[in-house]
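In: Predicted model and sequence below, questions to follow.
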Amino acid sequence: MSRSSVAVPFALAFALVLAGCGGGGVHGKPGAAGVRDPYFPKLGNGGYDVTHYGLTLDYEPSGRQLRGTAVITARATSDLSAFDLDLKGLEVHGVTVEGRQARWNRAGQELTVHPRDGLDAGETFRVTVRYSGTPETITDVDGSREGWLRTADGSLALGEPTGSMTWFPGNNHPSDKALYDITVTVPKGLHAVSNGELTSETTKDGRTTFAWHTAEPMASYVATVAIGRYDISRSTTGKGLPVYVAVDPTQAEAGRKVPDRIAEILDWAEYNFGPYPFSSTGAIVDRPGDAGYALETQNRPFFPGTTDTRILVHELAHQWFGDSVTPKSWRDMWLNEGFATYAEWLWQEDHGGDSTQDVFDALYAGDYYKSGAGNEALWAFPPGDPPSAARISDPPVYDRGAMVLHKIRQKVGDDTFYDIVQGWAAAHRHGNADTDEFTAFVEKKAPDEDFGVIWKDWLYGEGKPAKP
């Protein structure tokens with residue numbers, strides 16, 4: 001047999017293999033590697049919508065080794081020859097789509113999957129990724145740490161805004177929410193606490209497996225896993241809502257009052273914001289050095305050590321504003337933080353502290369904070385348009401965002417204001433929304449009012465607005 005007679009069949013066979021593995025014979029086109037978020041353009045992916053994550057994790061704290069299998073159920077939103085998942089670090093051992101081996105390649109945080117057959121728009125598909133390694137800790141552009149954080153007796157996963165991709169592959173952008181089942185196996189004696197409800201806890205061969213289920217859609221940045229030694233308390237609120245609180249033993253004294261305070265705050269919050277949007281609540285209280293901030297992880301906010309009532313109110317208010325009503329992009333961060341900050345002011349007003357007007361006036365006068373720099377920082381940029389990713393957690397987003405809400409309240413009065421707040425939480429319950437939708441919603445609720453000055457000067461205006 002001549003060399004040419006061998007080469008032709010080989011080339012034909014190779015072409016057929018490529019066609020079956022996402023090569024030129026597969027219909028559709030690759031999904032976008034990013035959703036063009038104004039601050040994090042590489043986050044998220046185009047071409048599909050995730051409906052469910054099934055994460056099976058095994059963690060060994062002594063060696064900091066994580067082994068995981070992610071089963072991701074999604075719906076194609078266009079004809080796809082390939083699609084991306086966000087995954088930073090970790091080693092990928094294999095990928096299947098609908099049970100068939102798929103080609104894949106990596107570039108930075110992008111894991112690109114080439115299914116053997118193209119995916120049709122509207123088609124539901126399942127991709128499975130097996131992976132392992134030492135998860136990374138990310139230092140954000142604002143200097144905070146997120147991702148997989150090492151703690152004194154285990155680890156803590158916090159994901160705002162980018163960190164979830166350090167411990168599981170997915171569509172890591174707040175615009176794509178999904179249901180989650182997270183199963184974590186750890187050495188016996190440790191707990192693995194996550195979102196939603198604990199459905200099972202089993203021990204075998206010196207290791208304990210905890211299975212958690214979220215019954216409502218969740219954005220990836222508020223998914224969490226906390227591994228370590230915890231004192232666990234289980235209770236219910238007066239309305240029967242399950243409360244699961246995990247407290248590091250070194251914080252036991254402070255953590256003892258947390259369940260009762262949660263129940264009290266949620267009763268108050270439901271009166272002001274409408275029905276609580278999830279099927280359980282609680283908290284994770286870890287050591288002060290484990291993270292430099294509290295975070296509104298869904299169902300179960302995280303707190304670094306002793307927490308005061310103000311911070312507890314803030315993070316629980318986020319369950320409505322941020323976790324249930326989630327921003328479409330990180331530009332809309334003020335819709336999270338402005339509402340949660342204003343909730344703090346409302347709590348003070350209702351519990352013998354400064355009125356919301358007192359707080360507003362002190363901020364405007366420049367004597368709210370002890371330092372002049374702190375007071376001046378409020379006017380650095382408008383809350384509706386932070387200048388960069390490094391600034392989305394700065395004072396204008398929080399305090400000036402709350403001032404926008406107070407200006408609306410001044411304009412429309414309490415009855416209409418609470419109609420707006422509760423209506424907004426109900427209209428976008430378990431969904432996504434942006435600033436334009438919010439301003440349109442306000443104007444629809446109060447059609448006889450002119451909000452032009454509030455939007456122009458307080459929401460989007462540069463510098464300090466004219467005296468109110």
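Out: Everything's here; your move.
In: Grab the CA positions of stretch 128-145 and hand them over as PDB.
Out: Backbone C-alpha positions of stretch 128-145 (Å, rounded to 0.1, in the frame of the first residue of the first chain) are rendered in PDB as follows:
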ATOM      1  CA  THR A 128     -20.400  17.800  33.900                       C
ATOM      2  CA  VAL A 129     -17.000  19.000  34.900                       C
ATOM      3  CA  ARG A 130     -14.600  17.100  37.100                       C
ATOM      4  CA  TYR A 131     -11.800  19.100  38.700                       C
ATOM      5  CA  SER A 132      -9.400  19.400  41.700                       C
ATOM      6  CA  GLY A 133      -6.600  21.400  43.200                       C
ATOM      7  CA  THR A 134      -6.000  24.200  45.800                       C
ATOM      8  CA  PRO A 135      -8.600  26.900  45.400                       C
ATOM      9  CA  GLU A 136      -7.300  30.400  45.100                       C
ATOM     10  CA  THR A 137      -7.800  33.500  47.200                       C
ATOM     11  CA  ILE A 138      -8.400  36.600  45.100                       C
ATOM     12  CA  THR A 139      -7.300  40.100  46.000                       C
ATOM     13  CA  ASP A 140      -9.800  42.500  44.500                       C
ATOM     14  CA  VAL A 141      -9.000  45.800  42.900                       C
ATOM     15  CA  ASP A 142     -10.300  47.500  46.000                       C
ATOM     16  CA  GLY A 143      -7.900  45.400  48.200                       C
ATOM     17  CA  SER A 144     -10.500  43.100  49.800                       C
ATOM     18  CA  ARG A 145     -10.000  39.300  49.700                       C
END
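In: Sort out which residues of it are buried, please.
Out: Thr128, Val129, Tyr131, Gly133, Pro135, Glu136, Thr137, Ile138, Asp140, Ser144 (16 or more other CB atoms under 10 Å). All C-beta spots, glycine's among them, are computed from the backbone N, C-alpha and C.
In: Can you give the distance of it from its chain's centre?
Out: Stretch 128-145 has its C-alpha centroid displaced from the chain centroid by 15 Å (CA atoms, centre = their mean, to the nearest Å).
In: ranges for the strands of the stretch 251-400 of the chain?
Out: In the stretch 251-400 of the chain, the segments counted as strands under DSSP state E, counting those that start in this stretch are 281-286, 302-304, 325-327.
In: Turn the ones you listed into TSV, columns for mean pLDDT.
Out: Listed next are these as TSV, based on pLDDT from 0 to 100:
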stretch	mean pLDDT
strand 281-286	97
strand 302-304	96
strand 325-327	98
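In: Let me know which of those strands is tucked in deepest.
Out: Mean neighbour counts were taken over the strands of the stretch 251-400 of the chain using mean count of other CB atoms under 10 Å, and the top value, a mean of 26, falls to strand 281-286.
In: Mind giving me the packing neighbours of that one?
Out: Under the contact definition 3 or more CB pairs under 8 Å, 6 or more residues apart in numbering; DSSP states H and E, strand 281-286 sits against strand 225-228, strand 242-247, helix 258-273, strand 302-304.
In: rerun that using 10 Å as the cut-off
Out: Other elements packing on strand 281-286 under the criterion 3 or more CB pairs under 10 Å, 6 or more residues apart in numbering; DSSP states H and E are strand 191-194, strand 225-228, strand 231-236, strand 242-247, helix 252-255, helix 258-273, strand 302-304, helix 309-317.
In: Format the ones you listed as JSON lines; extra columns: distance to Trp458.
Out: Formatted as JSON lines, these follow (distance: least, CB to CB, whole Å):
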{"stretch": "strand 191-194", "distance to Trp458": "38"}
{"stretch": "strand 225-228", "distance to Trp458": "38"}
{"stretch": "strand 231-236", "distance to Trp458": "41"}
{"stretch": "strand 242-247", "distance to Trp458": "37"}
{"stretch": "helix 252-255", "distance to Trp458": "37"}
{"stretch": "helix 258-273", "distance to Trp458": "22"}
{"stretch": "strand 302-304", "distance to Trp458": "31"}
{"stretch": "helix 309-317", "distance to Trp458": "20"}
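In: With Glu443 as the reference, name the closest of the ones you listed.
Out: Nearest to Glu443, of all those, is helix 258-273, at 20.5 Å by CB to CB.
In: That closest one: how far from the chain's middle?
Out: 22 Å.
In: Strand 231-236 and that helix, what's the angle between them?
Out: 40 degrees (axes from the mean of the first three to the mean of the last three CA atoms, to 10 degrees).
In: Just the terminal-to-terminal distance for stretch 217-225.
Out: For stretch 217-225, the first-to-last residue distance is 17 Å (CA to CA, to the nearest Å).
In: looking at the helices and strands packed on strand 281-286, which is closest to Gly34?
Out: Ranking the helices and strands packed on strand 281-286 by proximity to Gly34 (CB to CB) places strand 225-228 first, at 25.5 Å.
In: elements contacting that closest one?
Out: strand 48-60, strand 145-150, strand 155-158, strand 178-187, strand 191-194, strand 207-218, strand 281-286.
In: The same query, at a cut-off of 7 Å, please.
Out: strand 155-158, strand 178-187, strand 191-194 (3 or more CB pairs under 7 Å, 6 or more residues apart in numbering; DSSP states H and E).
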